[in-house]
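[1] Next come a sequence and a model predicted from it.
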Amino acid sequence: MSDPDDIKFNVDEAQDFAKDFGLLDESAPPVEVQGLSSRFGDRVIHENLNLTVKRGEVLGVVGGSGSGKSVLLNTIIGLKVPNGGSVKLFGQNIDHASRRKWKAIERRWGVMFQQGALFSNLTVRENVAAPLFEHTKLSRQEIWDLADLKIGMAGLAVTSGTLKPSELSGGMRKRAGLARALALDPELLFLDEPTSGLDPIGAAAFDELIQDLSDSLSLTVFMITHDLDTLYAITDRVAVIADKTVVAVAPVRALERSEHPWIKDYFLGPRGRAAARTPTKIGHR
Ligand SMILES: Nc1ncnc2c1ncn2[C@@H]1O[C@H](COP(=O)(O)OP(=O)(O)OP(=O)(O)O)[C@@H](O)[C@H]1O
Ligand SMILES: [Mg+2]
């Protein structure tokens, strides 16, 4: 008969293997930031910042310009090393992840950066295909077909695939960035100012697209935005960054009643009052 210890070892090993490929720990929140501190030299950006993104929610992230929203995003996806505290993605501390584990985690999220960050010398189709070439072993034809599919999902005509980023309008560039973020069928989508620079109609259409995608693909969305209409229309909760930390996380309607000075100014200013008249996501349901 086999030694029970041997069996235990094999089970542990199998669990580790499964974890590497993201098959376990599905109960962990997609993002868990605890006690984060971030600095650039002497400049402190975050101090003891805590934030959990729940599975399946659309979380809006707001804060003044320079409050550290993009730095938070960069830290969560491993582009900046925390100066203190921890970041967990799908229950895995990203600092302690092996290369193989990190690769497996990396496949589960997609990001659309504030500046677009498309490769300027590649076409839209090549940009969208890039993560597929890097992370999958699919055939070239399968990759091109998938890239076209994602381009369509992001609301672009497939013919735009042959254009370079410099040949796109601002709104098309946002959609191309979204198509690339969706390339690997992520469960978790990071968006940094997805509607900035769009006209109100373009912004509303983009909100609707994010809402449709998050519903149909059961995505968890972490969305940095200045856009109050977006907050009311598509978020489940909103996290507010001020004073180097997250000062509140709540549904947008609850934030309207906050006593925090920055939140008060933000929601009770003229733009806030106008946006508050639009129905909320919760109100729609
Ligand atoms: N690589 C860097 N080196 C030094 N300082 C940086 C770096 N990146 C960001 N910062 C500083 O960190 C602070 C927060 O920047 P961040 O980009 O996170 O702001 P933000 O909240 O995203 O603002 P915005 O709404 O304008 O996009 C800023 O003061 C910025 O100058
Ligand atoms: Mg930013």
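    Received the coordinates, thanks. Numbers count the residues shown, from 1 in each chain. Ligands and ions are numbered 1, 2, ... in the order given.
[2] going forward, measure contacts between C-alpha atoms and count neighbours the same way
    Fine.
[3] Residue 71 looks like it's in a helix, true?
    Yes: using DSSP: H, G, I helix; E, B strand; the rest coil, the secondary structure at residue 71 is a helix.
[4] Name the SS class of the closest residue to it other than its chain neighbours, please.
    Distance criterion CA to CA, 6 or more residues apart in numbering; nearest residue to residue 71, sequence neighbours excluded, is residue 80 at 7.6 Å. Following three-state DSSP, the label given to residue 80 is coil.
[5] Around ligand 1, which positions in the stretch 101-250 of the chain sit nearby?
    Selection of the stretch 101-250 of the chain residues close to ligand 1 by CA under 6 Å from any ligand atom yields an empty set.
[6] could you pull out the helices for the stretch 101-250 of the chain?
    Using DSSP state H, counting those that start in this stretch, the helices assigned to the stretch 101-250 of the chain run over residues 124-135, 140-153, 170-181, 200-216, 228-234.
[7] how about a markdown table for those, with mean neighbour count added?
    As requested, the helices of the stretch 101-250 of the chain are arranged in a markdown table below (neighbours: other CA atoms under 10 Å):
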| stretch | mean neighbour count |
| --- | --- |
| helix 124-135 | 21 |
| helix 140-153 | 19 |
| helix 170-181 | 25 |
| helix 200-216 | 16 |
| helix 228-234 | 23 |
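[8] just to revisit the earlier point, my guess is the residue nearest to residue 71 meets residue 74, correct?
    Yes: proximity of residue 80 to residue 74 meets the contact threshold set by CA atoms under 8 Å, at 5.7 Å.
[9] Output the helices of the stretch 101-250 of the chain as CSV; include the columns mean pLDDT.
    Output for those, formatted as CSV (pLDDT from 0 to 100):
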stretch, mean pLDDT
helix 124-135, 94
helix 140-153, 94
helix 170-181, 90
helix 200-216, 87
helix 228-234, 90
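[10] Tell me which of these lies nearest to residue 111.
    Nearest of those to residue 111, taken as CA to CA: helix 170-181 at 4.9 Å.
[11] Could you export the closest one as CSV, keeping only the C-alpha atoms?
    What follows is helix 170-181 as a C-alpha-only set of coordinates in CSV (Å, rounded to 0.1, in the frame of the first residue of the first chain):
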residue,chain,number,x,y,z
GLY,A,170,-8.9,59.3,-30.5
GLY,A,171,-12.1,57.2,-30.0
MET,A,172,-10.8,54.5,-32.4
ARG,A,173,-7.5,54.4,-30.5
LYS,A,174,-9.3,53.8,-27.3
ARG,A,175,-11.2,50.9,-28.9
ALA,A,176,-8.0,49.5,-30.3
GLY,A,177,-6.5,49.6,-26.8
LEU,A,178,-9.6,47.8,-25.5
ALA,A,179,-9.3,45.1,-28.2
ARG,A,180,-5.7,44.5,-27.2
ALA,A,181,-6.7,44.4,-23.5
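[12] That one - contacts with which helices or strands?
    For helix 170-181, the helices and strands in contact under the criterion 3 or more CA pairs under 8 Å, 6 or more residues apart in numbering; DSSP states H and E are strand 109-112, helix 124-135, helix 140-153.
[13] Need those in a markdown table (columns: distance to residue 281).
    Rendered in a markdown table, the data for the helices and strands packed on helix 170-181 read as follows (distance: least, CA to CA, whole Å):
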| stretch | distance to residue 281 |
| --- | --- |
| strand 109-112 | 22 |
| helix 124-135 | 30 |
| helix 140-153 | 22 |
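[14] what bits of the stretch 151-285 of the chain have low per-residue confidence?
    For the stretch 151-285 of the chain, the stretches flagged by pLDDT under 70 are 270-279, 282-285.
[15] which residue does it bring closest to ligand 1?
    Nearest to ligand 1 in the stretch 151-285 of the chain, going by CA to the nearest ligand atom, is residue 226, at a distance of 7.3 Å.
[16] ok, residues contacting stretch 55-64?
    The set of residues that contact stretch 55-64 without belonging to it, under CA atoms under 8 Å, 6 or more residues apart in numbering, is 29-30, 53, 69, 214, 218-226, 231, 234-242.
[17] The same query, at a cut-off of 6 Å, please.
    Stretch 55-64 has contacts (CA atoms under 6 Å, 6 or more residues apart in numbering) with 29-30, 218-225, 235-241.
[18] Please identify the helix or strand for the spatially closest residue to residue 52 that is not a sequence neighbour.
    Ranked by CA to CA, 6+ apart and with sequence neighbours excluded, the top spatial neighbour of residue 52 is residue 32, at 4.5 Å. Of the helices and strands defined by DSSP states H and E, residue 32 is found in strand 31-40.
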